[in-house]
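Q: please work out how this folds:
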Amino acid sequence: MQISDMIKLTYTKGYYMEKLYKRELYLSKIRPFYKDEDMIKVFTGVRRCGKSSIMQLICDELIENEVSKNNIVYII
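A: The predicted model follows:
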């Protein structure tokens, strides 16, 4: 099961989230840093702006690109 599939099981504000909107603009800006292992990536922003959703999409892309789930640290 991929992380974006797990969000379907997340109960939020009285409903189950069924689909993540793929924010290609933001993903394209962070992709060059995927393989930069010496850099810690941090997302900041106002509440409910999509930070967790972006992180879930990035985790899915990393897993699709054959990065082991054991090598991904995801802190909420």
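Q: for the chain, name the helix or strand with the lowest mean pLDDT.
A: Every helix and strand in the chain was compared by mean pLDDT, DSSP states H and E; the lowest is strand 11-12, with a mean of 44.
Q: may I have the longest helix that the chain contains as CSV, with CA atoms only?
A: Of all the segments assigned as helix in the chain under DSSP state H, the longest by residue count is helix 51-64. The C-alpha atoms that make up helix 51-64 are tabulated as CSV, following Å, rounded to 0.1, in the frame of the first residue of the first chain:
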residue,chain,number,x,y,z
LYS,A,51,2.2,20.4,3.5
SER,A,52,1.2,16.8,4.5
SER,A,53,-0.3,16.1,1.1
ILE,A,54,2.9,17.2,-0.6
MET,A,55,4.9,15.0,1.7
GLN,A,56,2.7,12.0,0.9
LEU,A,57,3.0,12.6,-2.8
ILE,A,58,6.8,12.9,-2.5
CYS,A,59,7.0,9.7,-0.5
ASP,A,60,4.9,7.9,-3.2
GLU,A,61,7.3,9.2,-5.9
LEU,A,62,10.3,8.0,-4.0
ILE,A,63,8.8,4.6,-3.5
GLU,A,64,7.9,4.4,-7.2
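Q: use 503 as the first number for this chain going forward.
A: Shifting the count to begin at 503 puts that one at helix 553-566.
Q: now for it, which elements pack on it?
A: Using 3 or more Cβ pairs under 8 Å, 6 or more residues apart in numbering; DSSP states H and E as the contact definition, the elements that helix 553-566 packs against are helix 505-508, helix 526-532. To be clear about C-beta, it is placed using only N, CA and C from the backbone, and glycine gets the same treatment.
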